[in-house]
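Asker: I'd like to go over a predicted model; first the sequence, then the structure.
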Amino acid sequence: MNKRLLINTWLCDGCGLCELVCAFSHTGLWHPALSRIKVLEDKKNGLFFPTTCAHCVNPPCANACLMNVIVKDPETGLTIRNESSCIGCRACEISCPFNVCLFDYVNEVVVNCDLCKGDPLCVKVCPTGAIEFVSVEETPERKRVAAASDRLLESAQR
């Protein structure tokens, strides 16, 4: 599995289903604060931005981790945490430039998106198709096409 989430913000309506299913699948609680995906809102423009771990090539969270429990999986490129060894110091959370390392206050550890072990539930429940699970090779081209579409829509709305 060398796939990532691709998010089209124009399609997101902010329903929050992705947050709820993520939280429940990882903690057994229907609470969006426990979700590993966050839907941010731009109230001025009426847009929603689902955000999740970018699985950085050189993750700042791994460099900041005091217990060295964050590693890159060489096969998948995912940023993986050994949550059972996490002490919950939150140094990784502070170092994340995307603000997607999240403190799980139930288990008192910091977590990030693990792509549901290769079968992301957020993709399955998204009613608008705003979240896709695509190969890493496909992602840059899809992002370019989405960016071009976004610019066309912005021009048309002016």
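Answerer: Nice, I can see it.
Asker: quick one: the residue nearest the centre of the chain from Glu108, how far?
Answerer: Taking Cα atoms, centre = their mean, the centroid of the chain lies closest to Thr52, which sits 1.4 Å from it. Plainly put, Thr52 is 21 Å away from Glu108 if you go by Cβ to Cβ, to the nearest Å. Just so you know, the C-beta spots here come from the backbone N, C-alpha and C atoms, and that holds for glycine as well.
Asker: that older thread, please give me every residue in contact with the residue nearest to the centre of the chain.
Answerer: 5, 7, 36-38, 100, 112-113, 122 (Cβ atoms under 8 Å, 6 or more residues apart in numbering).
Asker: Tell me which two of the residues you listed sit farthest apart.
Answerer: Across the contacts of Thr52, the longest distance by Cβ to Cβ is 15.5 Å; it joins Ile7 and Asn112.
Asker: Which residue ranges make up each domain of the protein?
Answerer: Split into domains by automatic domain parsing, the chain comes to 1-52+115-151, 55-112.
Asker: Tell me the gap between the shortest one and the middle of its chain.
Answerer: Between the centre of domain 55-112 and the centre of its host chain there is 13 Å, according to Cα atoms, centre = their mean, to the nearest Å.
Asker: avg pLDDT for it?
Answerer: Per-region confidence: domain 55-112 scores 94 on mean pLDDT.
Asker: next one: the first one
Answerer: Across domain 1-52+115-151, the average pLDDT comes to 89.
Asker: mind checking how far that domain is from the chain centre?
Answerer: Counting by Cα atoms, centre = their mean, domain 1-52+115-151 comes out at 7 Å from the chain centroid.
Asker: before we move on, the earlier item: between the contacts of Thr52, which is nearest Cys61?
Answerer: Scanning the contacts of Thr52 for proximity to Cys61, where the rule is Cβ to Cβ, the winner is Asn112, at 7.3 Å.
Asker: who touches that closest one in this structure?
Answerer: Asn112 touches 36, 52-53, 61, 79, 81, 100-102, counting by Cβ under 8 Å, 6+ apart.
Asker: Report the separation between the spatially closest residue to Cys15 that is not a sequence neighbour and Asn107.
Answerer: In this structure, Cys15 finds its nearest non-sequential neighbour in Pro127, 6.5 Å apart by Cβ to Cβ, 6 or more residues apart in numbering. Pro127 sits 29 Å away from Asn107, going by Cβ to Cβ.
Asker: Which of those two has more residues huddled nearby?
Answerer: When Pro127 and Asn107 are compared for neighbours, Asn107 comes out ahead with 15 against 10, by other Cβ atoms under 10 Å.
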